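> here you go, sequence then predicted model.
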Amino acid sequence: MDAKTTGKIINSKRKEKGLTQIQLAEILNVSNRAVSKWENGDGFPDITLLPNISAALDITIDELLTGNKPEPIVKIVEKDTSKTDKLLNDFKVSFIASLFMCVFAALLGSVTEMYCIWAFPILFYTHWEIMFAAVSLFSTILGGLVFFIGITRLHLAYSKKKIFRLAAKKGLSLISISTLFPLTFLARIIDFSRWGNFMPYVMLIITAAIIFAIVKCYKKIKDIENENADKNS
């Protein structure tokens, strides 16, 4: 412990605080002559006074004795990604489950309706056709509900823009698959005697309209993603 070093520090910090030797002496309950001796390096404060001097000058005891300022403690805060990763994984699982149910509904429903169109020249529903159509409809609705729940859970950790980027294309693919069964079901309930030979053209027009709508939606999604990317760059 160097008396002169400590004295210079006391003098410097006292002046920074705007205190006189008398004021500092009153705070420490010592004489102003003692403070003067410390600052001149002619004496060293009693070791029991070091905590009080440090508190009065807003410095640490180590800084008072050596003049070295303590290095600031940098607290490294690691971002907790476990929650976001879990939500993202849950969303992927919900999409896979929804995709399976929509594909199952599309295959079961469309194959059933196409077979009935080919097998029965008139509109005639059988018990198994009604059952398969009901199962297909239920599977489609359930798939959409599971996907919606997955999207809703993403709001716990992601912004709306991020959710849009994650879910837009997946949702569009599910909609594209899900239209297959309603399309064949529509063909089944159309009055054949009324449309006759125009039936293939009607179905072609409907199919083209659906494909056009899906393509337009996909392009719109891409445009929005590009705009967001330009804003973030």
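Good, I have the coordinates.
> residues of the helix or strand hosting Phe104 that come out buried?
Element membership for Phe104 (DSSP states H and E) is helix 82-119. Neighbour counts over helix 82-119 (16 or more other Cβ atoms under 10 Å) mark 87-88, 91, 94-95, 98-99, 101-106, 108-110, 112-113, 116-117 as buried. In short, each C-beta sits where N, CA and C put it, glycine included.
> so how far is Ser82 from Glu53?
Heads up, residue 53 is Ile, not Glu. 48 Å (Cβ to Cβ, to the nearest Å).
> count the neighbours of Phe147 for me.
When neighbours are defined as other Cβ atoms under 10 Å, Phe147 has 23 of them.
> correct me if wrong: it contacts Leu174.
Yes: counting by Cβ atoms under 8 Å, Leu174 is a contact partner of Phe147 at 6.1 Å.
> looking only at pLDDT, what's the mean for the one helix or strand Ala34 maps to?
Assessed by DSSP H and E, Ala34 sits inside helix 32-40. With pLDDT averaged residue by residue, helix 32-40 scores 82.
> ok, stretch 116-133 next?
Stretch 116-133 carries an average pLDDT of 74.
> start and end of it, how far apart?
11 Å (Cα to Cα, to the nearest Å).
> just want the most central residue of the protein.
In the chain, the C-alpha nearest the mean C-alpha coordinate belongs to Tyr158, at 2.3 Å (Cα atoms, centre = their mean).
> that one in helix, strand or coil?
coil (DSSP: H, G, I helix; E, B strand; the rest coil).
> distance of it from Ser82?
Counting by Cβ to Cβ, the gap from Tyr158 to Ser82 is 15 Å.
> and for Leu57?
45 Å.
> do Val111 as well
Counting by Cβ to Cβ, the separation of Val111 from Ser82 is 43 Å.
> where are the low-confidence patches of the protein?
Segments of the chain classed as low confidence (criterion: pLDDT under 70) are 1-2, 64, 67-81, 120-125, 190-233.
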